[in-house]
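Peer 1: Show me the folded form of this:
(chains A and B)
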Amino acid sequence: MGALGKPIILMVAMYAFLKFGLPNIPGSAPLPSSLIFLYLLLTAGGIFMFKTLSGESKDAFWDPIRRFLTGENIGGLQALRYGVFILFPLLVGWQTYGSTAVSDLPPTESRTIHPAPPGEYTGLSNPVPKTPENIMQGKGFYAAYCSPCHGGNFDGKGPAARGFIPAPANFADPTTIAMLQESYLFWRIKKGGVGLPIEGAPWKSAMPRWEVELPDEWIWKIILGEYDGAHQSPRTWE
Amino acid sequence: MMDSITQKAGIIAAAAFGVVLVSSAGYSSVSAQGLPEGFKKGDLSPAPSAEMIEAGKRVYFTKCVWCHGVDGAGDGPGADRLWPRPRNFNQGTFKIRHTASGELPLFDAKKPIAGQNDLFETVTHGLPGSAMPPWEGILSEEQRLQVLSFVTTELVKDRKFTDKQSETQTILQLAELKPKPATDESKKRGAELIVEKKCVECHGMEGRGDGNAFNLKDDWGFSIQPANWHKCWNFRGSRQDPYNVANIFRTFSTGVNGTPMPSFADNTTVDERWDIANFVSSLCERDPLGNPLPIDPLTDKPKINFVIPSDLVEGEIPAEIEHEAWQKAPKRLVAMGGQITHKPRNFVNRIDDIWVRSLYNDKYIVYLLEWDDRTKSVAEGKLPWAPTQVNIDVKEQDPKTGEEGSIAMKQNNYAVYNDAIAIETAVKWKELPAPIKPRYLFGTNDQYPMDIVKWEADGSLRAFKGTGWDKDFEERDNYEEAMKLVKSEWKNGRWYVMIQRPVGNKKDQDYDEDTFFEVGQYIPTVFFAWDGHNGDAGRKMAVSAFYYTFMNPPVPQETYIYPVVIAVGVVLLEGWVLTRRANRKKGKTL
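Peer 2: Numbering: from 1, shown residues only, chains lettered A, B, ... in the order given. From the prediction side, this is the model:
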């Protein structure tokens, strides 16, 4: 069964990943069964093409399958063979049921997390010097205005965060402020969710528009405090 | 400014200390006949080393100072918007302990062992239901011990963890007490005991925390409310393991220091305490099979499913919750957050979730909404604004710096408006060009409006059109006559509201104003809730994210037929291949 072992393991691993692994990666949702089925078909197709590329590998691939299915010289595997004959139709039937029955998963929607900022907010540099006092002050403002959502730990787990989708950004995560420039943050903090362009799905974001109550200088200080508290540094263009 | 705060803290500290003294005096009678059942005398822990304290100071000033303040007085810059407020450490009053009422908690800088180190466990797991985060994964075990070494020696000012003269440790031997199985009998006895021991006077007849909800204060003078037993994930002492009865057993065996929640060690036996704990734990929300709700590790609260299924019923939609159709209808938990995106902001939303069920027939869809609210609030007299007005001048919970102006101080002191709930659905949700959707807060503009149905505790049910987060609502012509308030009842700390509205159709409906509820489609739906005793009105409210109402189509025949047909097909195919194979073989040998 040597030539078959790897493809079977591969398929099982793929299924396990799609079904159980993927939903646990932060930010992704469980896949509908029809999609899993499609991905598995693609995987199977790929393996099949790869294995049947040359004459020998083709025989090496088909031979054990043929022998298994016809029951030639497979000894103890006979029972397994009947098992496969019985289980296969059931599996296909179950899969069909899974893809026609109504699912209770919400439709997937995509959102551009970091849309391009308006021109006037590109390339601004932080006018507030990065001194310990300014950082401390920024963290103080952060604690007062931002921590209810973004969390005292800068991890997006504030006490008010639970109601919102998308969730308040986790600044400790390398895919948020670590890959952004200070200028970008300044724009996002000033304009909030309502200031996002259409591809940023502005109708969903709960991020407040802080320009209505925080002076620019405070916002720049908060940015200093935010990077310091989350142990990140802003992206720069060298 | 700093001076006046320290002074004030001093006065409060003295007052609090007095309370502690008085309350521990009250309990001393027990030690005369020995210790309360389940407790043993223990020794004070040794003082932490100077290096530990020094290292802890650094941790404190990077991580904790923002809430707990420079002097540990619970007055950091983040404190004023939080309720409960961050702890003032100065008095040495700690809530979650294995030690008897009034005593200091267990803390040993060398023993990070569960069950033997209360403060370490608190910092590890946080205090769910408050802003105090779990620090596991952010601070190492060593750092957690260090920061607590600093807190217990430098910031606790009125007591000393090592002072043999004034401090004792009477420790609940939780690990040695065998839990009692949660049989029906045990829970029944627990149900009787919570009445006999007067838990219900504070926690309410159904345990929703609505008993003595408005007159309680903690030792620092801030308003406090009895816990809602149906939301065990908000128990401060739940240790991120909310369905574990041992945590409840510990809480009321030791009491919650600094709060009106007393210790019941003296007047209950261990056996009675397990019965009570089993009963209290059984009240916590569960799924229809009686299993604990799965807890989301990101929030330490139940996991959320964003689809609200609505089942079809033939004929009239029943008005009684006990009706079989409602009992069978899937129940979904909708998480609510404070509306802090726009002013007036609501930092402390007291409605933090809603249970939603739905049924529909050929004409109507009915939502059954249930949510816990400790008080039934109906505004006295006429409100000074029109029902359509959103931009109204309600007191924002916008604290002035310092304890006096803080939310925790003002809580329970707002003008009382109406409790209310609203269901918001997108109009023309199906025809929106791909990336465009109306904002979840009251819609985007005239082109992409929202259909809003709002019930208020004065008995009104109104329909509005929302055209922008900052715009007042618009009336919808005659739509109200088409709706019906099937039920609205407040009982023992919970609202039950059933709202019926037409599903509509494209033909005879004003499709530009009303949502058309189409079977088998995901209809974007948002919920809003107002707690009248929290001063909620207008935009000061609790909001949900986008959910989807999904009206389950009558199960199509194909769902059952296709799989069978396909499976039979595969069997035939197998048979064909095998017989062909066998025939060929036969042909060969012949």
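
Peer 1: quick one: least confident helix or strand in chain A?
Peer 2: Taking mean pLDDT, DSSP states H and E as the measure, helix A:55-70 is the helix or strand of chain A with the lowest mean score, a mean of 76.

Peer 1: What residues of that one count as buried?
Peer 2: A:61, A:64, A:68-70 (16 or more other Cβ atoms under 10 Å in any protein chain shown). Every C-beta, even on glycine, is put in place using the N, C-alpha and C of the backbone.

Peer 1: Tell me the helices and strands packed up against it.
Peer 2: Applying 3 or more Cβ pairs under 8 Å, 6 or more residues apart in numbering or on different chains; DSSP states H and E, we find helix A:55-70 packed against helix A:2-16, helix A:33-51, helix A:78-100, helix B:557-589.

Peer 1: Can you tell me the closest non-neighbouring residue to A:G225?
Peer 2: Spatial nearest neighbour of A:G225, chain neighbours left out: A:G138 (2.7 Å); criterion: Cβ to Cβ, 6 or more residues apart in numbering or on different chains.

Peer 1: So what sits opposite the residue of chain B at minimum distance from chain A in the bridge?
Peer 2: Nearest to chain A, among the residues of chain B, is B:G337, at 2.2 Å (Cβ to the nearest Cβ). Taking DSSP bridges as the rule, B:G337 bridges to B:V543.

Peer 1: Do you know the pLDDT at the residue of chain A found nearest chain B?
Peer 2: Closest contact between chain A and chain B, by Cβ to the nearest Cβ, is at A:G163 (2.2 Å). With respect to pLDDT, A:G163 has a value of 79.

Peer 1: need the contact list for B:V390.
Peer 2: Neighbouring residues of B:V390 by Cβ atoms under 8 Å, 6 or more residues apart in numbering or on different chains: B:442, B:470-473, B:538-539.

Peer 1: hang on, I meant B:Q521
Peer 2: By Cβ under 8 Å, 6+ apart, the contact list for B:Q521 reads B:430, B:550-551.

Peer 1: And the chain, what are its domain boundaries?
Peer 2: Answering for chain A, as no chain was given. Following automatic domain parsing, chain A resolves into domains at A:2-100, A:119-229.

Peer 1: right idea, wrong chain: chain B
Peer 2: Domain ranges of chain B: B:1-34, B:35-172, B:184-283, B:304-381+B:411-551, B:558-585, per automatic domain parsing.

Peer 1: would you say A:T112 is within a helix?
Peer 2: No - assessed with DSSP: H, G, I helix; E, B strand; the rest coil, A:T112 is coil; it does not lie in a helix.

Peer 1: If I follow the layout properly, it ends up in contact with A:A201?
Peer 2: Yes - counting by Cβ atoms under 8 Å, A:A201 is a contact partner of A:T112 at 7.5 Å.

Peer 1: So for these two, which sits in the more crowded spot?
Peer 2: Between A:T112 and A:A201, counted using other Cβ atoms under 10 Å in any protein chain shown, A:A201 has the larger neighbour count: 20 against 13.

Peer 1: Give the phi and psi angles for the closest residue to the more buried one other than its chain neighbours, as a check.
Peer 2: For A:A201, ignoring the flanking residues on the chain, the nearest one in space by Cβ to Cβ, 6+ apart is A:R111 at 4.2 Å. The phi and psi values for A:R111, taken as degrees, to the nearest 10, are phi -140, psi 130.
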